[in-house]
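Enquirer: What follows is a predicted protein model with its sequence.
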Amino acid sequence: MTLEPAPTVPPLTVQVIGAVVRPGVYVFPVNSRVQDAVTAAGGMLAEANPNLINLAAKLEDGQQLDIPFVGGAAPTSTGPFVVLPTPGTGTANKANLVNINTATAEELDTLPGIGPATAQKIIDYRDQNGPFNQIEDIMNVPGIGPSTFDLVKDLITVY
């Protein structure tokens, strides 16, 4: 009798937009809930209308989760939506956060002030020291100081 390993269940990738602190694309384990996505996105803004969403609903892979603002309509579309980094230095934007714990050199290169050499330094630092615990930890990478951090702080995440 041969035992086969249990199939690996891929994680859920969800885009969170609307009235949250850090809109972006986040990865969650299977069976995660809308509340998990809101928390990963930094929580709701004061202008959010939580009465129009079900925080207990299960997330789906490829889902776009739109947290409504007060006075806004209930979200109507939660279908698949994919956001990929735009190639080229300095083209990342707030709706397209770069996870510095998993990003490739090409993805890191989309950040302003981060070229190919610095992108490789980030990867090398991550490989030697483990994942970043908070975005400020990127300043531990040689060549990244407060001025570079100021350029990227709103464009990166460590979810």
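Expert: Cool, got the structure. Numbers count the residues shown, from 1 in each chain.
Enquirer: Give me the phi and psi for the residue lying closest to residue 99 once chain neighbours are set aside.
Expert: Once flanking residues are discounted, residue 99 sits nearest to residue 157: 5.3 Å by C-beta to C-beta, 6 or more residues apart in numbering. Every C-beta, even on glycine, is put in place using the N, C-alpha and C of the backbone. Taking degrees, to the nearest 10, you get phi -150, psi 170 for the backbone angles of residue 157.
Enquirer: Need the residues that contact the longest strand seen in the chain.
Expert: Secondary structure of the chain read by DSSP state E shows that its longest strand is strand 12-18. Residues outside strand 12-18 that contact it (C-beta atoms under 8 Å, 6 or more residues apart in numbering): 23-30, 32, 37-38, 40-41, 48, 59-69, 72, 75, 81-83, 95.
Enquirer: can we see that at 6 Å?
Expert: 23, 25-28, 37, 41, 59, 61, 63-67, 81, 83 (C-beta atoms under 6 Å, 6 or more residues apart in numbering).
Enquirer: Need the CA coordinates for stretch 130-137. CSV is fine.
Expert: The C-alpha trace of stretch 130-137 is given here as CSV (Å, rounded to 0.1, in the frame of the first residue of the first chain):
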residue,chain,number,x,y,z
GLY,A,130,14.2,35.7,7.2
PRO,A,131,11.1,37.7,6.4
PHE,A,132,10.6,41.3,7.2
ASN,A,133,8.3,41.8,10.2
GLN,A,134,7.3,45.3,9.3
ILE,A,135,7.9,47.6,6.4
GLU,A,136,10.4,49.7,8.3
ASP,A,137,12.8,46.7,8.5
